[in-house]
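A.B. asks: Compute the structure for the input listed below.
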Amino acid sequence: MMQTQELRLTQEWDKTFPRDERVDHTKVTFVNRYGITLAADLYKPKDGREKLAAIAVSGPFGAVKEQSSGLYAQEMAVRGFLTIAFDPSFTGEGAGQPRRVASPDINTEDFCAAVDYLSCRDDVDPARIGIIGICGFGGMAINAAALDPRIRATAAMTMYDMSRVTREGYFGSSDNKEARDEQRRTWAAQRTADYKVGTHRRAGGVVDPLPDDAPQFVRDYHDYYKTPRGYHERSGNSTDGWNVTGTMSFMNQPLLAMAGEIDTPVLLVHGEKAHSRYFSEGAFAQLKGDNKELMIIPGANHVDLYDNRDAIPFDKLEAFFDNNLR
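C.D. replies: Numbers count the residues shown, from 1 in each chain. From the prediction side, this is the model:
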């Protein structure tokens, strides 16, 4: 029997989006294969049938379930799916020590654990489960789809390939051994320093205040994470960020290595003006089969697909999961 850790979960509505009274909302917990208890918000249509198709949602990278993933989960519940938006291991209201560390393996496992949980609910049809990954968790979602055949359909929204950006830098700006060696030395020195003092230094969230020369995509992140639009006190991006060594393992562990073996449907959605668009285009090039699609949203930037209802193609998502979770 999987034993979940008792968590202190906020019962008040503390999301960055308004509550929709057409769905029921509850807090739930589940445990992953590493014994880490995850916290999730569950959304269920008030008129839901006995056995529903279900969707697990997570991301963006450095966010919490009270932000973008919760918005997606609630909206998809309005459209007839039972959904959960979960905090990845080591973040948000979930368990895992130390806090604010990421792992290509464990965070992929978090999606698989969400499928474990959904598969064992009496009100879910275990043959009709899909996932949505946003930003950095789009890459984790694709990796999970390549690993777990119980995932019948996958959507990756405004996707980051965390392995690629860690290894190459933005737009390949540090794609050379010398730059990677320098980053390895930085991480190694920080590990020694952290161990010596017994704490993990944080890298800082989205920069605030913005410097005059901040790139546009940093300004876009600031507009979401550092303003009432998307700020949340448990979000690393809104506050003090990941541990300095938090993304270290992405250097050597390419997330999308097995993407070409995904047989199930995959939908990639990205903004036309997003700095990160090339990640989805690169992932799409690795996918095989005629059940894969790349959808580009005209005029949209990276964070428009976090919460901008005029940019997020919810009708497309509904049709995609309706068609593939029959």
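
A.B. asks: for this protein, what spans make up the helices?
C.D. replies: In the chain, the segments counted as helices under DSSP state H are 68-78, 104-119, 136-147, 162-168, 177-197, 216-225, 277-286, 304-307, 314-324.

A.B. asks: any chance of the ones you listed in a markdown table, with distance to Thr247 too?
C.D. replies: Heads up, the C-betas are built off the backbone N, CA and C, glycines and all. As requested, the helices of the chain are exported to a markdown table (distance: least, Cβ to Cβ, whole Å):
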| stretch | distance to Thr247 |
| --- | --- |
| helix 68-78 | 19 |
| helix 104-119 | 9 |
| helix 136-147 | 9 |
| helix 162-168 | 6 |
| helix 177-197 | 9 |
| helix 216-225 | 16 |
| helix 277-286 | 15 |
| helix 304-307 | 20 |
| helix 314-324 | 28 |
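
A.B. asks: biggest strand in the chain by residues?
C.D. replies: Using DSSP state E to define each element, the chain has its longest strand at strand 124-134.

A.B. asks: Grab the nearest non-local neighbour of Phe17.
C.D. replies: Leu71 (4.6 Å; Cβ to Cβ, 6 or more residues apart in numbering).

A.B. asks: That neighbour - how many residues pack around it?
C.D. replies: Residues near Leu71, counting by other Cβ atoms under 10 Å, number 25.

A.B. asks: What pLDDT is listed against it?
C.D. replies: Looking at Leu71, its pLDDT reads 98.

A.B. asks: Does it touch Asp307 like I think?
C.D. replies: Yes - the pair Leu71 / Asp307 is scored as a contact, 5.7 Å apart, by Cβ atoms under 8 Å.

A.B. asks: Could you name every residue contacting both of those two?
C.D. replies: Thr16, Phe17 (Cβ atoms under 8 Å, 6 or more residues apart in numbering).

A.B. asks: wait, what's in contact with Ala193?
C.D. replies: Contacts of Ala193 by Cβ under 8 Å, 6+ apart are Arg201.

A.B. asks: how near is it to Asp213?
C.D. replies: Ala193 sits 29 Å away from Asp213, going by Cβ to Cβ, to the nearest Å.

A.B. asks: Repeat that for Lys51.
C.D. replies: Distance, Lys51 to Asp213, by Cβ to Cβ: 54 Å.

A.B. asks: When these two are compared, which one has more neighbours?
C.D. replies: Using other Cβ under 10 Å, the more surrounded residue of Lys51 and Asp213 is Lys51, with 15 against 6.

A.B. asks: Local confidence estimate at the closest residue to that one other than its chain neighbours?
C.D. replies: Take Lys51 and drop its neighbours on the chain: the residue closest to it by Cβ to Cβ, 6+ apart is Asp125, 4.3 Å away. At Asp125, the model reports a pLDDT of 97.

A.B. asks: repeat for Met2
C.D. replies: For Met2, the model assigns a pLDDT of 73.

A.B. asks: Could you pull up the residues touching it?
C.D. replies: Phe30, Val31.

A.B. asks: can you check Ala113 too?
C.D. replies: Residues near Ala113 by Cβ under 8 Å, 6+ apart: Phe30, Val31, Asn32, Arg33, Leu38.

A.B. asks: Please report how far the residue of the chain most remote from its centre lies from Gln97.
C.D. replies: What lies farthest from the middle of the chain is Lys196; by Cα atoms, centre = their mean that is 32.1 Å. Per Cβ to Cβ, Lys196 is found 18 Å from Gln97.
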